[in-house]
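*Asks:* just a sequence and a predicted model for now, questions to come.
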Amino acid sequence: MQWVYHATPEVNAISQYPTILAVCISLSFIMTLVVCLRVWVRLVLKKSFGVDDAVIVSSAVCGIIYSALCITQSRLGLGLPLKLRPKENLNTYATVNFAGRPFYMAGITGFKVALCIAYLRIIRHSSEKSYRHVVWGIMVFTVVSHLAGTLVLFFQCTPVHKSWRPKTPGTCLPNDAVFYSLAAVSIFCDLIVFLTPIPLWMKVRISLPRKLGLMAVFLLGLFTTACSVMRVVQIEIIAKDGNSTMLILWGTIELNVGIAITCFPTLIPLLTFVRSKTSKGGPLQYPHSTTDGRSAGTSVKLRSVGMHSSTMRSQTIPTSTNNRTKSDSFSSLEAILPVDSKGKPVGRDDVESLRGGGERGSESHIPGQITKTVQVEITRTDNNHDQEQSWLH
């Protein structure tokens, strides 16, 4: 298959276009799937589509466009050393490359801004005003610095159109200086954005496993920092042979993985939803209010202990309420299929006559009574409306 335009079969054979296709298509598919799941969770399950969700969708669109432009560049010479790229494709390649720059910058800016907006939502009811100011400062710095980087890429050459018409007379800023500067800014923003919530999660009132899980997700976001470092490494390679293939591929990886990782914490309700749908059976739950006005849930579990033939016992089971009690359990005897000594069913009136008018709470005997022992376990669980719920909503 002749993939590279105007290339000989020998040159086409050594092109890295299969790698470019595999990376761009697979990561774009995974990223799009994760973003779609996030949108479904926010719209259907939580019914609280926010600004950060809109920003991440915009970043996803930029990521898809950037991946498509990378695939287009592979048909124009991306994946080949500069000296082997067909001369006929030079201007078209430069135009497509220039068009991809703003989409890349907008995409990586978007998922970082989306995280900052999510942080602000989490701490909107917090008394720590200084923390909110820090997050606002980080978000403003991220937007301004990446916008400045985009402008540098736009106006790197004089005249501007020399960027997509390389043979035009003029001058350009050195590529290594521009790329080093942009990489340094990107790495710094990655670090402060992904490490900022760590102190917040240390204070949030959630279970330790979930707290560690959320922290792990944000630390995983530092993978985008590793991608930026790898882009820096590629600058030296470009200076030798002009092959920018891996530089662009690492940018594609950074963009798609960064967007996907940003969406992971918002998918926690989806796991709960799937678990509730796939479980074969579970306790009955109903809400009640505690004395402090918070909503709580009570779970009732019924478990059959056994069936046996015995006398019917009417018992009064003492109960007590305690707002601080998390679990109460008791056992009761459920009478079923009452029969007399001849094996015939006993009606309600017959049962009362057999009891002999005994007081409630005393024990009476009915011959041939079949009873079923049922253990009833009641569990009350309070719902803490803390920062965890703020993240999920």
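*Replies:* Arrived safely, thanks for sending. Numbering: from 1, shown residues only.

*Asks:* now do the buried residues in the strand or helix carrying residue 12.
*Replies:* Taking DSSP states H and E as the definition, one finds residue 12 inside helix 9-14. For helix 9-14, the buried set under the neighbour-count rule, 16 or more other Cβ atoms under 10 Å, comprises 11-12. For glycine as for every other residue, the C-beta is placed from the backbone atoms N, C-alpha and C.

*Asks:* which other helices and strands does the helix or strand following it contact?
*Replies:* Towards the C-terminus, the helix or strand next in line after helix 9-14, according to DSSP H and E, is helix 17-40. Packed against helix 17-40 by the contact rule (3 or more Cβ pairs under 8 Å, 6 or more residues apart in numbering; DSSP states H and E) you find helix 51-74, helix 245-263.

*Asks:* just want the angle from the helix or strand where residue 104 lies to helix 51-74.
*Replies:* For residue 104, the element it lies in under DSSP H and E is helix 90-122. If you take axes from the mean of the first three to the mean of the last three Cα atoms, to 10 degrees, helix 90-122 sits at 160 degrees to helix 51-74.

*Asks:* flag every buried residue along helix 90-122.
*Replies:* Neighbour-count burial for helix 90-122 [16+ other Cβ under 10 Å]: 90, 92-94, 96-98, 100-122.

*Asks:* returning to what we had before: wait, which of the helices and strands packed on helix 17-40 is closest to residue 186?
*Replies:* With distances scored as Cβ to Cβ, the stretch of the helices and strands packed on helix 17-40 nearest to residue 186 is helix 245-263 (8.1 Å).

*Asks:* check contacts around the residue nearest to residue 238 when sequence neighbours are not counted.
*Replies:* Nearest residue to residue 238, sequence neighbours excluded (Cβ to Cβ, 6 or more residues apart in numbering): residue 244, at 5.2 Å. Listed by Cβ atoms under 8 Å, 6 or more residues apart in numbering, the contact set of residue 244 reads 78, 234, 238.

*Asks:* try it again with 10 Å
*Replies:* By Cβ atoms under 10 Å, 6 or more residues apart in numbering, the contact set of residue 244 is 73, 78-79, 82, 97, 175, 179, 234-235, 237-238, 251.

*Asks:* check residue 85 too.
*Replies:* Contacts for residue 85 were tallied using Cβ under 10 Å, 6+ apart; they are 4, 6-7, 11, 15, 76-79, 93, 242-243.

*Asks:* can you list the residues you listed in CSV and add distance to residue 36?
*Replies:* Compiled in CSV, the contacts of residue 85 are given as follows (distance: Cβ to Cβ, whole Å):
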residue, distance to residue 36
4, 33
6, 38
7, 37
11, 39
15, 32
76, 31
77, 33
78, 28
79, 30
93, 32
242, 38
243, 35
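
*Asks:* against residue 1, how distant is the nearest residue to residue 2 once chain neighbours are set aside?
*Replies:* In space, residue 2 comes closest to residue 12 once its chain neighbours are excluded; the distance is 5.8 Å by Cβ to Cβ, 6+ apart. From residue 12 across to residue 1, the span is 8 Å (Cβ to Cβ, to the nearest Å).

*Asks:* restricted to strands, list the contacts of residue 85.
*Replies:* Secondary structure of these is defined by DSSP state E; no position falls in strands.

*Asks:* buried among those residues? Make that a PyMOL selection.
*Replies:* Paste this into PyMOL to select the buried members of these, with burial taken from 16+ other Cβ under 10 Å:
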select buried, resi 4+7+11+15+76+77+78+79+93+243
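
*Asks:* between the contacts of residue 85, which is nearest residue 52?
*Replies:* Scanning the contacts of residue 85 for proximity to residue 52, where the rule is Cβ to Cβ, the winner is residue 78, at 33.0 Å.

*Asks:* pLDDT at that closest one, what is it?
*Replies:* The predicted local confidence for residue 78 comes out at a pLDDT of 94.

*Asks:* mind checking which of the contacts of residue 244 are buried?
*Replies:* Buried members of those, scored by 16+ other Cβ under 10 Å, are 73, 78-79, 97, 179, 234-235, 238, 251.

*Asks:* wouldn't residue 94 be in contact with residue 166 here?
*Replies:* Yes: taking contacts as Cβ atoms under 10 Å, residue 94 lies within contact range of residue 166: 5.4 Å.

*Asks:* what's in contact with the helix holding residue 12?
*Replies:* Looking at what lies outside helix 9-14 - Cβ under 10 Å, 6+ apart - the contacts are 1-7, 77, 79-81, 84-86.

*Asks:* could you export it as CSV, CA atoms only?
*Replies:* What follows is the C-alpha trace of helix 9-14 in CSV, where atoms were taken according to Å, rounded to 0.1, in the frame of the first residue of the first chain:
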residue,chain,number,x,y,z
PRO,A,9,8.1,2.1,-2.5
GLU,A,10,11.5,1.9,-0.7
VAL,A,11,10.9,5.1,1.2
ASN,A,12,7.3,4.2,1.9
ALA,A,13,8.5,0.9,3.4
ILE,A,14,10.7,2.5,6.0
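
*Asks:* average pLDDT across it?
*Replies:* When pLDDT is averaged along helix 9-14, the result is 93.

*Asks:* what is the neighbour count of residue 236?
*Replies:* Look at residue 236: counted by other Cβ atoms under 10 Å, it has 9 neighbours.

*Asks:* isn't it up against residue 176?
*Replies:* Yes: judged on Cβ under 10 Å, residue 236 makes contact with residue 176 at a distance of 8.1 Å.

*Asks:* which segments of the protein make up each domain?
*Replies:* Segmentation of the chain into domains, based on automatic domain parsing, reads 9-277, 283-317+324-381.

*Asks:* packed most tightly, which of those would that be?
*Replies:* A comparison of those by mean neighbour count, using mean count of other Cβ atoms under 10 Å, puts domain 9-277 on top with a mean of 18.

*Asks:* what's the first-to-last distance across that domain?
*Replies:* With Cα to Cα, to the nearest Å applied, domain 9-277 spans 54 Å between its terminal residues.

*Asks:* now stretch 73-86
*Replies:* Using Cα to Cα, the end-to-end distance of stretch 73-86 comes out at 12 Å.
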